[in-house]
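Colleague: Please find the sequence and the predicted model below.
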Amino acid sequence: MVAQVSSSASSPHRYVIIGNGVAGNQAAEGLRERDPDGLITIITNSRMLFYNRYLLPQLFRAHQDWRALLAYPPGHYEKHRIRVLRDCWVTAVDSRKRQVMLAHNEAISYDTLLVATGGRPYLPEELVECRHLIHPFGTYEHALAVRKALPENGSVVMLGGDMIGLDLARTLLDLSYRVILVTHENTFWPHQPVGEERSKFLAILQKMGLEVVDGDAMGGVVAIEKGAAGLPERRVRFRQGGDIYGDIVMSFYGLSPLVEFMMKSGTDIERGLLVGTNLRTSDPHIYAAGDVCQIWSEKDNVYRFYYGHRNVRAMGAVAALNMTGGNEHFSTTQDEALFQNEQGHIDSPFWAYD
Ligand SMILES: Cc1cc2nc3c(=O)[nH]c(=O)nc-3n(C[C@H](O)[C@H](O)[C@H](O)COP(=O)(O)OP(=O)(O)OC[C@H]3O[C@@H](n4cnc5c(N)ncnc54)[C@H](O)[C@@H]3O)c2cc1C
């Protein structure tokens, strides 16, 4: 048990958290518990308060509105005196002045900063030009747009797969949509089964009802176009010839960490923000937690990502402890192997929600 700290009455400590997701909210709760007088500010580019993205596939089953997805009742932040700045884009962090710069030219000062900005869906370079013809699936607004664009019993071409896409596919199949999966090396991201194991999991996907197209054998996707009159809305063309049609195209190639605004902060970055197991970056006043950070692994001798709700929550808690003078270390007890569940479906231990 680590003792509570207290900001001095004359100058309460200023904690700023960039990101209103699982890691940021867990950290805010921990900070409030440990420092009753501290000033806690969460900054998010989202217009919504923290909602459960894991429930987004459920929007296809019941026409729930956003209120059903909120993780906390609306009074939560007021009760815990946590200020939330919504619809605010962080464009840079000035670590010398200890300021977070917002797109509308406001600067927010901090004593200790937590970066918990997660990741954005990764899109391979060759598909960037076709982005406007692809439906992303990361936010409530994205899910609504997909629901609107998809005709009853319509077809979805899913590029890649990844566990976010495969989770959505399960729901879509259940509701009698067609799901055509174009495989890619990230089909099971963040898992990377190879050889026989990958073939076994691809066979399970087929048994689940997905129509599996071997993307590699076709040379990969080369373009996405609008379908011709009388045909479905989208055409996916392969490098080695051949095409498939669908009502919508969605891409699921895993996530890449949202770190661009940290580039001039002087903190060490590889793909994500590099942190030790205490979640501190190379700047002693800046911490990172969640999908945005790569944590040093003594065992693997590399900085690596740790995904899944359980890991991300644990990171938020460790960051809060250390930002308030603790000396805790993140370690995972999370099982990391893909498996087949009792319904015969492919499942990921990362996707356990508790
Ligand atoms: C649709 C979807 C479904 C998923 N389902 C599951 C699941 O069922 N189980 C599971 O374990 N994982 C799931 N994941 C992965 C999961 O999102 C992450 O592991 C976890 O939520 C990461 O939490 P985080 O706090 O690190 O980041 P996030 O939850 O991604 O939060 C990042 C926050 O940072 C904000 N932000 C980013 N950049 C900026 C900026 N420049 N300025 C201001 N704010 C910014 C964002 O608006 C957001 O509030 C899913 C992901 C998606 C996209």
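Modeller: Great, that's in hand. Numbers count the residues shown, from 1 in each chain.
Colleague: closest point of the stretch 251-354 of the chain to the ligand, which residue?
Modeller: Proximity of the stretch 251-354 of the chain to the ligand (C-beta to the nearest ligand atom) peaks at Gly290, 2.1 Å away. Any C-beta I mention is one placed from the backbone N, CA and C, and that applies to glycine too.
Colleague: Phi and psi next, for that residue.
Modeller: As for Gly290, its main-chain torsions (degrees, to the nearest 10) stand at phi 90, psi -160.
Colleague: How about the contacts made by the closest residue to it other than its chain neighbours?
Modeller: Spatially, and ignoring its direct neighbours in sequence, Gly290 is nearest to Ala23 (3.1 Å; C-beta to C-beta, 6 or more residues apart in numbering). Ala23 sits next to 114, 116, 118, 289-292, 312-313, 315-316, 319 when contact means C-beta atoms under 8 Å, 6 or more residues apart in numbering.
Colleague: can we see that at 7 Å?
Modeller: With contact set as C-beta atoms under 7 Å, 6 or more residues apart in numbering, Ala23 has these partners: 116, 289-290, 312, 315-316.
Colleague: can you tell me which of those residues are in helices?
Modeller: Counting by DSSP state H, those place 312, 315-316 in helices.
Colleague: What segments of the chain are helices?
Modeller: Using DSSP H, helices in the chain cover 22-34, 76-79, 140-149, 162-174, 195-208, 309-323.
Colleague: measure Ile134 to Tyr253 for me?
Modeller: For Ile134, the distance to Tyr253 equals 11 Å [C-beta to C-beta, to the nearest Å].
Colleague: How about Met218?
Modeller: 16 Å.
Colleague: picking up where we left off before, wait, doesn't the residue of the stretch 251-354 of the chain closest to the ligand sit right on Val115?
Modeller: No - under the criterion of C-beta atoms under 7 Å, Gly290 is not in contact with Val115, lying 8.7 Å apart.
Colleague: More neighbours: which of those two?
Modeller: A count of neighbours by other C-beta atoms under 10 Å puts Val115 above the other of Gly290 and Val115, at 33 against 30.
Colleague: Contact partners for the nearest residue to the more buried one once chain neighbours are set aside?
Modeller: Computed as C-beta to C-beta, 6+ apart, the closest residue to Val115 that is not its neighbour in sequence is Ala288, at 4.5 Å. Ala288 is in contact with 115, 273, 275, 279, 281, counting by C-beta under 7 Å, 6+ apart.
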